[in-house]
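> Just the structure for this:
(chains A and B)
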Amino acid sequence: QQQVKQSPQSLIVQKGGISIINCAYENTAFDYFPWYQQFPGKGPALLIAIRPDVSEKKEGRFTISFNKSAKQFSLHIMDSQPGDSATYFCAASNSGAQKLVFGQGTRLTINP
Amino acid sequence: NAGVMQNPRHLVRRRGQEARLRCSPMKGHSHVYWYRQLPEEGLKFMVYLQKENIIDESGMPKERFSAEFPKEGPSILRIQQVVRGDSAAYFCASSPYAQTYGYTFGSGTRLTVV
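Coordinates of the predicted model:
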């Protein structure tokens, strides 16, 4: 019930294309869903986050789509750039809990 | 304002030795969290501490692992009698709140047990 399942494990996208990463969760008490970006040798950095009272949140080229009934959320990267090549993690937590449950990660490669 | 500082960045230990990982939170952050990342896996929660208190250690292995966050100085994650399976990246995050949305992660300590 505490798991967050992320797919795909790896993804290759051409420059300018759309990168899509999906996550699914079981725990309906989760109410905070962040995405983290991690470059090699670095710690995860918060990219964008959403709460279940909205179905979509957009920040620049990054969009989270959230489907509460399906218990799924996804990250869309528009106009993908080589600098976006990194590992992306989805995560979830619930109010009152101080820990994040992470997905397994997606290694994204943007080909020039 | 420096970010979350972790040291050392890389640590090599022989089996049976002790490993000490340090984390200095961001200025003004009194909440510290430790996560472990095994190769090709996501981060797994280990422990949550406030100054001088362990709040949640539900993710800590029952033996050999301990953590502290003293009144003065950095938070320390201590692994006694390390084994090869302890090889991983250990990340510390700090927050000004007891909530996950305030997290800032450090760059991690890569522990290799030989």
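
> Assign a three-state SS to A:Ile21, would you?
Following DSSP: H, G, I helix; E, B strand; the rest coil, the label given to A:Ile21 is strand.

> Okay, and A:His76 sits in which element?
Using DSSP states H and E, A:His76 sits in strand A:72-77.

> Which neighbouring elements make contact with that strand?
strand A:19-25, strand A:45-50, strand A:62-67, strand A:86-92 (3 or more C-beta pairs under 8 Å, 6 or more residues apart in numbering or on different chains; DSSP states H and E). Using the backbone N, CA and C atoms, a C-beta is placed for each residue, glycine as well.

> interface residues of chain B facing chain A?
Within reach of chain A by C-beta under 8 Å from any C-beta of the partner chain, chain B has these residues: B:4, B:6, B:31, B:33, B:35, B:40-45, B:48, B:55-56, B:58-59, B:91, B:93, B:98-101, B:103-108.

> quick one: contacts for B:Cys45?
Just so we're on the same page, residue B:45 is Phe rather than Cys. Taking C-beta atoms under 8 Å, 6 or more residues apart in numbering or on different chains as the criterion, B:Phe45 is in contact with A:99-101, B:33-35, B:58-59.

> Apply 10 Å and report the result again.
B:Phe45 makes contact with A:2, A:93, A:97-102, B:33-36, B:56-60, B:93, B:100, according to C-beta atoms under 10 Å, 6 or more residues apart in numbering or on different chains.

> likewise A:Leu46?
Residues near A:Leu46 by C-beta under 10 Å, 6+ apart: A:34-37, A:91, B:101-105.
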